[in-house]
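Novice: Structure for the following, please:
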Amino acid sequence: MTISPLADRDSAFTVLADAWDQVRRTGRTRAIIVSGDSGCGKSRLVAESLAALNIPDSSIVLGCASRGTPAPYDWLANALTSSRPTSHRPSTVDPDAFAWLTHSRQVPHDRVEPTALRRAARHMVMELLGGNTGVVIVEDLHRLDPASAELVAEIADDKEVAMLLLLPTRPVDAPQYPKSSRKLCKSLQDSLDATVLELENRRGGSPGGAVWARYARRLGAYPEAAAGALRAAADLVSRGDTATAADLLDEFLPNDGGPRPDTEPVLASAAAHLRGRAETCRQSTSDDASLTEREHEVVGCLAAGMSNRQIARRLGISVRTVTVHVSNLLRKTQTGSRTEAALWAVEHGLGPSEDAR
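Specialist: Sure thing, here's the model as predicted:
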């Protein structure tokens, strides 16, 4: 097993990219265990790598181990939910086995024989891959139920399909690490010479961005998805693209009859607010053209958080003249305060210049 301690996330991405290239060139499965403490950004690394490598969703099987009391094949049930409607059953899978694997409410009273259930689970994973080279992700390996651990070991050993197997997990050498998950890591070491990427903890860091938010939503991690979407929207607003920020938040509102997470009201309210701001910006575009060159300089200083006295020193004019310019700006931009004028400037791409920072 190759162990790579990596503080540099660019180096970690390079390892993942090289592994994906090897899978496609050689037709052989590679396994990478992404190890680190909670909050170090394991899942974000995987999400951003998939996006950077332009791997289509149709080639990705993504599932997360249950965070509660694990039930058999929790990982597969989550993967099926995130990858396809759970009403779609392959012809090769028995209806009763399918009900058990998807944790359906219509699950039969009689249990399916374990070997038959394992066979059905393997058929489901191969069906999700479509017989093509793809990526299989097992989030939270340390929480994996024993049945899922045995399933992952079996599909990793399948020579008929090539895949990049990614397994984000807490450190494998941690005390009380589950035996079934440790056994899976040992199996991957023996059969695939698995690589372990050890990520250092990023204190004070927090995952964000649209890429991470979409990944978290597929996992059913709605609070994390909402937080990432809001951070991405805030970044768009700071660059003056309020309408796109509203579109992004709309994307995370359920519109397909799926689960309605507790975060929905927050996202809906933020999206509505941004749409209102975007409309205000659209209606006041002509006001932007009416600003004088000096007013453009003053509003840029406001966006930089400067006081009237600081603006006067910066532009070489009197404080009284600055006060007149600010008053004219509030009238032309239809804003009620210096703060609102500064936000207006950012939304119109008139944020602080390099000299004003």
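
Novice: what are the ranges of the strands in this protein?
Specialist: Remark: strands assigned in the chain by DSSP state E are 2-6, 30-35, 60-64, 134-139, 163-169, 195-199.

Novice: Let me have the ones you listed in TSV, extended by mean pLDDT, distance to residue 225 and mean neighbour count.
Specialist: Placement of C-beta: from N, CA and C, glycine included. Listed next are those as TSV, based on pLDDT from 0 to 100; distance: least, C-beta to C-beta, whole Å; neighbours: other C-beta atoms under 10 Å:
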stretch	mean pLDDT	distance to residue 225	mean neighbour count
strand 2-6	49	26	13
strand 30-35	94	20	25
strand 60-64	90	13	25
strand 134-139	93	14	24
strand 163-169	95	16	25
strand 195-199	88	21	22
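
Novice: Distance to residue 291 added to these, as CSV?
Specialist: Formatted as CSV, the strands of the chain follow (distance: least, C-beta to C-beta, whole Å):
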stretch, distance to residue 291
strand 2-6, 49
strand 30-35, 50
strand 60-64, 48
strand 134-139, 50
strand 163-169, 50
strand 195-199, 48
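
Novice: Between those, which one is closest to residue 117.
Specialist: With respect to residue 117, and counting by C-beta to C-beta, the nearest of the strands of the chain is strand 60-64 at 16.5 Å.

Novice: I'd like the distance between residue 62 and residue 157.
Specialist: Distance, residue 62 to residue 157, using C-beta to C-beta, to the nearest Å: 21 Å.

Novice: any low-confidence regions in the stretch 1-150 of the chain?
Specialist: For the stretch 1-150 of the chain, the stretches with pLDDT under 70 are 1-8, 67-70, 83-92, 107-109.

Novice: let me fix that: the stretch 151-300 of the chain
Specialist: In the stretch 151-300 of the chain, residues with pLDDT under 70: 201-208, 254-261, 277-289.

Novice: Go again with 90.
Specialist: For the stretch 151-300 of the chain, the stretches flagged by pLDDT under 90 are 158-161, 172-176, 178, 189-193, 196-300.

Novice: So which residues of it form helices?
Specialist: 179-192, 210-219, 222-238, 242-251, 264-283, 285-289, 293-303 (DSSP state H, counting those that start in this stretch).

Novice: could you dump the last one to PDB, C-alpha only?
Specialist: Put plainly, it is helix 293-303. Extracted as PDB, the C-alpha positions of helix 293-303 are listed here (Å, rounded to 0.1, in the frame of the first residue of the first chain):
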ATOM      1  CA  GLU A 293     -15.800  60.100 -13.700                       C
ATOM      2  CA  ARG A 294     -15.200  61.600 -10.200                       C
ATOM      3  CA  GLU A 295     -18.400  59.900  -8.900                       C
ATOM      4  CA  HIS A 296     -17.100  56.600 -10.300                       C
ATOM      5  CA  GLU A 297     -13.900  57.100  -8.200                       C
ATOM      6  CA  VAL A 298     -15.900  58.000  -5.100                       C
ATOM      7  CA  VAL A 299     -18.200  55.000  -5.300                       C
ATOM      8  CA  GLY A 300     -15.200  52.800  -5.700                       C
ATOM      9  CA  CYS A 301     -13.800  54.200  -2.500                       C
ATOM     10  CA  LEU A 302     -17.100  53.600  -0.800                       C
ATOM     11  CA  ALA A 303     -17.000  50.000  -1.900                       C
END
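
Novice: Could I get the buried residue list for that helix?
Specialist: 295, 297-303 (16 or more other C-beta atoms under 10 Å).
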